[in-house]
Every structure is written in C-alpha cells, then in structure tokens.
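sharing a model prediction with you, sequence too.
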2 protein chains.
Amino acid sequence: MTVAVAVEPVARNDAGIAVALPILAQRFGERFVKSEAARRQHGHTLTWLANQPPDAVVFAESTDDVVDIVRICADHRVPVIPFGAGSSLEGHVNAPGGGVSIDLGRMDQVVAVHDADLDCVVEPGITHQALNAYLRDTGMFFPIDPGAEASIGGMAATRASGTNAVRYGTMRDNVLNLTAVMPDGSVVKTGHRARKSSAGYDLTRLLIGSEGTLGVITELTLRLHGLPEAISGGVCPFKTIEDACQAVIMTMQTGIPVARIELLDALQIKACNAYSKLDLEETPTLFLEFHGTPSSVKEQSEAFGAIAADYGAGTFVWETTPEARSRLWKARHDVYWAVSGLRPGASGIATDACVPISRLAECVSETAADIEETGLVAPIVGHVGDGNFHVTMLVDVKDADEVRRAKAFVGRLNMRAIAMDGTCTGEHGIGQGKMKYLETEHGKGLDVMRAIKRAIDPDNIMNPGKIVTVP
Amino acid sequence: MTVAVAVEPVARNDAGIAVALPILAQRFGERFVKSEAARRQHGHTLTWLANQPPDAVVFAESTDDVVDIVRICADHRVPVIPFGAGSSLEGHVNAPGGGVSIDLGRMDQVVAVHDADLDCVVEPGITHQALNAYLRDTGMFFPIDPGAEASIGGMAATRASGTNAVRYGTMRDNVLNLTAVMPDGSVVKTGHRARKSSAGYDLTRLLIGSEGTLGVITELTLRLHGLPEAISGGVCPFKTIEDACQAVIMTMQTGIPVARIELLDALQIKACNAYSKLDLEETPTLFLEFHGTPSSVKEQSEAFGAIAADYGAGTFVWETTPEARSRLWKARHDVYWAVSGLRPGASGIATDACVPISRLAECVSETAADIEETGLVAPIVGHVGDGNFHVTMLVDVKDADEVRRAKAFVGRLNMRAIAMDGTCTGEHGIGQGKMKYLETEHGKGLDVMRAIKRAIDPDNIMNPGKIVTVP
C-alpha cells in the first residue's frame, strides 16, 4: 500500500538527528532501536499514505523515560512521534521529517481503580480491550470501543469514539484528566479526579484530539460506567436508508436511551452474509443495543419496535441473553473481516465523516450514489445515533486510475459532510490525510489552532506535519 | 459590600482609553454609556471583591457590533470585558485596568431550533430560564440550571452547571459549537452541528471556561434534551452527612440514572423551614429527582429508597405529580432566599469546591467542623452526585475580623478540596477571587495556560486580570 498521496512536507534536521540519536542510544540501550523493520513498523501502515519511517524507535517505560526522550530531542530540534498501537487511519504516526518514534506500548498498566468514584488511572499503552478485561470483576466498564485494538493514549490523542458514543460519549467525555510531557520536557497534569471543574482553561480537552502535536500523553484518568444490569440487542431491516435514518431520528427525539444504534448498508450486509454464513435480508439494517434494568430494556426495545414499524421496517428481532444477542450482532462484529472478502486482494481504505442527524439520510444516500457512479466497491457502516458513518473502500492500489477516482471520492465525501454543517471526521482524526479539509471546515479557527501550536511547540518538534502546519 | 480583597492589578492605559472612547461614542451613539450608575452596575456586585467599574459600557446588538468594539479597543490597547447577566461570583466582570464593558444582554434571541437534531442556536444574552420558556412547546429542554438568572454566554464562559449536571453534564458537554470574536477582531466559529468531531484542536472546549479572556462569545449552538415522559421527586433525611454521602456513592455505583441529587445540611434545612414555613426534620437531607418513563422513575425511586434504608435514612417520600413534587422540593428551590433569613443584614458570600465523590463526606464534614470553629454562619448545599458543594457565608462585611476569618476559611476550603484530588471550583469559575489557588491546583499546567493566553491575546486586552496573568 504505497500510493503516493500528497502530504505536508517537513524539513529534515539531519544535523540534529545525527547528534541526538547516539545520546538516546546511550541512555536507552536495547530499548533504542534503529532496525529497518522496527522503523517501518512504526511508520504508517493502515492507509494508502506512504510509509514514512522515523530514524529510530525508543520503547518508553515511564513518564520519566518520555521526559528524557523529549528533552534530548528538543535540545537538538528533532521530531518526536508518539506511537500507541499503530491503529490510526490518517498517517498519524508517520515521520515526514524523520525523528524519533516514542513507542508507549510497554506502558500498559492499570495504575489504580477507584470503585467509589467510578474512575481508573491507566498508562497510555493499554488497549481498551485489555482495560475491560482487567475491569471484568469490578462491575464497571470503559465504553469507548473503536474497531481496532487501539491504545487508550492513542484513542485520547485522536478523540476516538465507537459504537457506544451515542449513550456514553466519546474520549472527550470520558477522560477526567491526563498527564502529558510537553515539548520542553515539562510534565503537566491537566486536572484532578473531581467530576467537573471550572478552574481555568480546559487543558484536558485541548490535548484530547491534538494527535501528539502538543504533548505526549503518559497517563490518563478515565471515567468508568457501571455494567448495566440487563442488555437487550436487536436487528431491524429497512427498505431504504432513508427509512432507517428516519427511524433513528425518531428514536433519538423520543429520548430512548439507546446504547448502540448502527447502520449497515445492503452491500455490507451482503459481505457479512458471505463471511459469517448468515442469511440476513440484504437491505439497509439497524443493529441496536439497550442498557438498563430488565424492565427498562424491554420497554426500550418495544418502544423502538413501534417506531421501526412506523417506518415500514421488517421484523425487529431482539434478544436479552448474551448468546442470542451475540448471534444477532454477529454481522456487526464481523464487519471489518467481512469487508475484505468482497474483493480479495484489494486494500481496505477506511474513511469517516459526521453530519447532523437530520442530514444523515441525505448524506449517506448521496454518498452511496457517488460510490456507484465512481465505480467503487465500498460498503457503508454508521454509528448513526451520532450522525457518524464510515466508508471502507476496497481499492486496487496498483491501479492508478482507480486510486485517483477513490481519492476524488473521499474529497467529495468530506466536502459534502462539511457543507451539511458536519465535519470531515467524526472519530478518525486529521493526521496527514485530512489536513486539506481543515481550512474549509474551520476557516479562521485554523489561525487560532496555529497560534496554539506555535505557542506550545515553538520549534515544531511534536509530531510535525499533522493537523496544522506552522510556517 | 466593598471589602478590600487583594486582586491582580492591571495597569491602566489612560492614553488609549482617552482615544478609544470618543470613537466608540461616535460609532454607537446612545448605546455607548458612561454614567456612573451604568459603569458601577457593570462592575462586580455579587461578591466581597471591590467593585471596579469599566470606563464605559457599550450595548452590543450583533456579532458585527462586537467586532467593531473589539477592533477599536484593540487598536488602542484598551481592555474589553464581556458582560452577560452580571451573576458571576468571582469578580469576572470587574475592570481592574478600566476599559470597556460589552453588554451582551440585548443579544437574547433564539436564532434557530432544530427539532430533528435536538439542538438550537442562540445569542449569548438569553438566560437559561428564557430559553426554556421559549422551548416549552417543543418537547425539549436545556438542562443546565445555575441558581441565578444567568445568561447562556456567561454560563459557557464560566463552564457553569447546576443541579442537573449529574445526569446531563455541564456547559462543557452541552455546547456543540460557538462563535467568538477574537482579540484581533476576527470571528471564529469553533465547529459545526455534528454531534462529534475529531477535526483538530477542540476550540469549543478551550473557549468554554475561558471567562472572556480569549474571546467574546456571540453565538452558541446548544444540545437539547427531550423532556422526560415522567419525573418523580423525593426527599430523604439522614442522621449524618456521612450516611447521606455514602448513599449517594452507592446510588451512583448502582447506575441509577438520577437526574438530580442535592444535599442540604441541617443548618440549610433550618433556614428553609423558617423561610418556607416547612417542618422538615433539621438533619442532613437529600433531594432527588428521577427522569424516565413512568415505570422507570418508579423503579429508580424504589431502588434509591432501598439504598437509603441501608444507610439508616428516615422515610424517603417521593411523588410524581408536578404539584406534589414542587411541594417536596420547595425547600431546595428556596435555598437562595432562605439563607439570608439566617442572619438579616449580613451579606451572603457564595463559594464552591468539588472533590471526587469518595472524598465528599470527609470534605463536607471537615468543612462543617471548620465553619463551626471559625464561628461562621454558613450553610452547605451540594450537587453531591458530582462531588460539588457550595458554602454560603453570611458575613458582616463591616466587621474586619470576621471578614478576615471568612477569607481564611475560604482559603482552607479550597486547599482542602485540591488536596483531596479535587478542584477549587466546580462551577463558579476563577475570575479574580480564585486566581491564588491555580498554582497549587495546576502546577506547570498554569504555564501552558499562560502560553495560550499570550498567543491568542498578545496585548492582554481580553478581560485582563482574570484566570491567569501574563507578565
């Protein structure tokens, strides 16, 4: 997957790199790695952006390690690129100006769990799956669930969300505070464990979504949620995307506290049928989950069923036992694997956009028509309670014309979402891939972002060439 | 109430003010006001901080007006101080270096309501009460309800919350985007109407809580919520504050989605009995509200009742009709008026702090003991689901020794909260009054705040002398 996509160039500081690397090697011994394989693995791999490996990788094991790496690099104006699990999708971990990748994967411990406060303190390298495995016996869980085995630090850095966001919010809402190593090597803790605060600028939210361009996150305090007493899950086919979206709008307006509400388009259902050996009707389908007490999830399920019927849905099947729910939800769980089966050998390129829910049917329908006209194979899956949807394009990256058409499609998709009062990304982030849309989306706000970047990172060493450029 | 409390001095730019005022007078005619009464009314009145009036007041009627005021002031390095309803509690609208108060009270219109998206667009001068009156027939409401008749713009600027925050979040969570006039007169819209976005730095959250020190908010898009189908309200007396707090913790852990959970201490209940002619038991008491379907609020009320009984509570009385609920909640609604009856002639000085809920009983109990030792009359009311509580001190501001003791008490309260992993303010903000605690609370984070302030407002004209000083 080495398609040339134009990204922001970052000037290399060869002299600084030549000085800093031996100092890092001396300090970190075997945890300092320069092998071609390690370097390439720490450049970007999950997109069509070219892999731009760092000059070296250092495996950090503590905040103090990160302080030392940042200080050494800052002294010699060498870029540092934080690396969690490497699952980001827009070139976030590429090193366009070279420099040092800080691998935080070994910082994967749960530092503390506070039952009474429904919070926990974690290192950034732990994945959301590992955290929830750790929490299994506590009666609590962490709800943010992007598709990949993503690290919590990386999820904070990209302001990630997932299927539960409609009920539980995104990383923005579920990080109480974080610790970050700033570009000058100082360590900032952005807040305490109180549930809310009006004490000064919201540095927590500033760092969430900053993609490593302002600081390196080395610890996070997360909100946890009580495991619901009961869960019901269901699947509901619709005749058209429009009908499905209208049912979603009515569900939200009615105030049904749906925990998950996911849309799979007909092509995605077809892929899932093939992959997961199912026989779902190949039509736009909503997958739902309700959390609450046994009587409340029953009430919610029935209320949704009545709404769905109003919009001409097929039978809404819902189940409350874990096995039956999993069976119903199998198609949704297998989406990522099922897609590639649609076109063996092609590369799956994922993109996302988000619009006000009132524009969702229109945006998804126009996008589906655009896919058809462009001649792409690209199913649509959406976290539709938030107005957020994903398109996974199956692209033959050796076919230059197809790549050109696919890139043009992504451009139209993002501009369409912005024109509908939405955003070019609901949860993937900007990285290198979406910088070109920020001017349209933010206008003069981009100047404020640049001013902040310059003020906090005057030498532009923190993950340069991502989000904003500073001349 | 003109007690001398040390606040950050701001140098006056007399020459600039002398030039800018006639230009503003020319541009705004009768909407430019210099009368002593108007100037004093736009300095701070609701606290023991000295009133520091601006040199003039301009009544803005549009974003363009605000742009003109800011540009004229910026040209001559004259401070601008945004003014909403004047209900802030920490000297936010004082003008320590003089300058121009921008009164946004006339910008009080609802610009748009989007039913399908559960959002609305408003001007900053509308109060939360007026907004909810406007929304009455839509089936939606805006949940943030600070005690005062506060403006939405001011509530965003101070990151306000109120009794519903435990369920619906604070201003941080309920503003989708905002428009602000920046110090150079540029107009920035911080986002669009999508429910979530990962597109760049979170300028919305940066401006929320910035107290007018980074920009003047001139429009906001707010999240709305569907009016619950059913509401139940209840009152529950406890033997001790500790028991009440433990019941709150268990309620939160159990995942009961309580909409309001308020603690009034024994002194506050006594005040309410006297003011509202009630005969509540004068003991720590929780006031609760549950939102949902009829069966769900019944279930929630019963679940809470069982928890309360475990902690030795008296009878938990709850009601579902509006009249009966209002009767039960009368004491809570009348808190602000009841307090002053405790000591006629004294001034009510309100302060707040917020701690992790596990530390709440300890913090409130220590604070109550401190009040006793200090010899103050100061009831405690708390939004205890968030760990946030208020102390209203009834102070004879002509008694210098009492003032000194009250100030020392506030200092101990804030340091106690910070030491318990909490914050010196949960919802009132920093203003002038709490700047002295920020170093302790944020450490090196304060340097980052200063860097942001300098980068965005290099001439320090936006509400100078609040939150952070920039040398």
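Nice, I can see it. Residues are numbered from 1 along each chain as shown, chains lettered A, B, ... in the order given.

surely A:L220 forms part of a strand?
Yes. A:L220: assigned to a strand according to DSSP: H, G, I helix; E, B strand; the rest coil.

what residues are up against it?
A:L220 makes contact with A:V121, A:V122, A:P124, A:I152, A:G153, A:A156, A:V175, A:N177, A:L178, A:T179, according to C-beta atoms under 8 Å, 6 or more residues apart in numbering or on different chains. (Each C-beta comes from the backbone N, C-alpha and C, glycine too.)

for it, list each beta-bridge partner.
On the basis of DSSP bridges, A:L220 is bridged to A:V122, A:L178.

for the top helix by length along chain A, which outside residues touch it?
The longest helix of chain A (DSSP state H) is helix A:400-419. By C-beta under 8 Å, 6+ apart, the residues outside helix A:400-419 that reach it are A:3, A:5, A:48, A:349, A:351, A:353-355, A:363, A:366-367, A:370-371, A:374-376, A:378, A:391, A:393, A:395-397, A:423-425, A:434, A:436-437, A:440-441, B:192, B:194.

quick check: next helix or strand after that helix?
helix A:435-442 (DSSP states H and E).

for that next one, give the mean pLDDT please.
Across helix A:435-442, the average pLDDT comes to 97.

and the following helix or strand past it, what does it pack onto?
For helix A:435-442, the succeeding helix or strand toward the C-terminus, using DSSP H and E, is helix A:445-456. Under the contact criterion of 3 or more C-beta pairs under 8 Å, 6 or more residues apart in numbering or on different chains; DSSP states H and E, helix A:445-456 touches helix A:435-442, strand B:187-189, helix B:203-207, helix B:445-456.

so what's the gap between helix A:445-456 and the chain middle?
Chain-centre distance of helix A:445-456: 23 Å, with C-alpha atoms, centre = their mean, to the nearest Å.

what sits up against it?
Residues contacting helix A:445-456 (C-beta under 8 Å, 6+ apart): A:182-183, A:206, A:213-215, A:438-439, A:442, A:460, A:467-470, B:182, B:186, B:188-190, B:200-201, B:203, B:206, B:448, B:451-452, B:454-456.

hmm, back to that, pick the most deeply packed of the helices and strands packed on helix A:445-456.
Greatest average neighbour count among those goes to helix B:203-207 (a mean of 26), per mean count of other C-beta atoms under 10 Å in any protein chain shown.

mind listing residues that contact that helix?
Contacts of helix B:203-207 (C-beta under 8 Å, 6+ apart): A:172, A:201-202, A:205-206, A:442, A:445, A:448-449, A:452, B:156-157, B:172, B:175-178, B:180, B:188, B:190-191, B:214-215, B:217, B:452.

can you tell me which residues contact A:P53?
Counting by C-beta under 8 Å, 6+ apart, A:P53 has contacts A:E36, A:R39, A:R40, A:H42, A:G43, A:A95.

let's see it at 6 Å
A:R39, A:R40, A:G43 (C-beta atoms under 6 Å, 6 or more residues apart in numbering or on different chains).

now, among the residues you listed, which is nearest to chain B?
Each of these was scored against chain B by C-beta to the nearest C-beta, and A:G43 proved nearest at 21.1 Å.

pLDDT wise, what is that closest one at?
95.

same check on the one 3 residues further on?
Model confidence at A:L46, expressed as pLDDT, equals 80.

any idea how far it lies from A:P9?
22 Å (C-beta to C-beta, to the nearest Å).

those two: which has the busier surroundings?
A:L46 (19 against 11; other C-beta atoms under 10 Å in any protein chain shown).

how far away is the more buried one from chain B?
Distance of A:L46 to chain B, given as C-beta to the nearest C-beta, to the nearest Å: 16 Å.

how about A:Q432?
On the measure of C-beta to the nearest C-beta, A:Q432 and chain B end up 13 Å apart.

that residue - nearest residue in space that isn't next to it in sequence?
A:G91 (3.5 Å; C-beta to C-beta, 6 or more residues apart in numbering or on different chains).

get me the contact residues on the stretch 1-150 of chain A for chain B.
A:A116, A:D117 (C-beta under 6 Å from any C-beta of the partner chain).

find me whatever residue is spatially closest to the closest residue to chain B within the stretch 1-150 of chain A, sequence neighbours aside.
Nearest residue of the stretch 1-150 of chain A to chain B (C-beta to the nearest C-beta) works out as A:A116 at 3.8 Å. Excluding the flanking residues, the one nearest A:A116 by C-beta to C-beta, 6+ apart is B:S358, at 3.8 Å.

do A:I461 as well
A:P79 (5.3 Å).

returning to what we had before: thought the residue nearest to A:Q432 was touching A:I430?
No. The criterion here is C-beta atoms under 6 Å, and A:G91 misses it with A:I430 at 9.4 Å.

could you list the low-confidence segments of chain A?
A:1-6 (pLDDT under 70).

break it down into its domains, please.
A:110-226, A:228-431 (automatic domain parsing).

need the contacts of A:P53 in CSV (columns: secondary structure and distance to B:I256).
Formatted as CSV, the contacts of A:P53 follow (DSSP: H, G, I helix; E, B strand; the rest coil; distance: C-beta to C-beta, whole Å):
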residue, secondary structure, distance to B:I256
A:R39, helix, 52
A:R40, helix, 51
A:G43, coil, 48
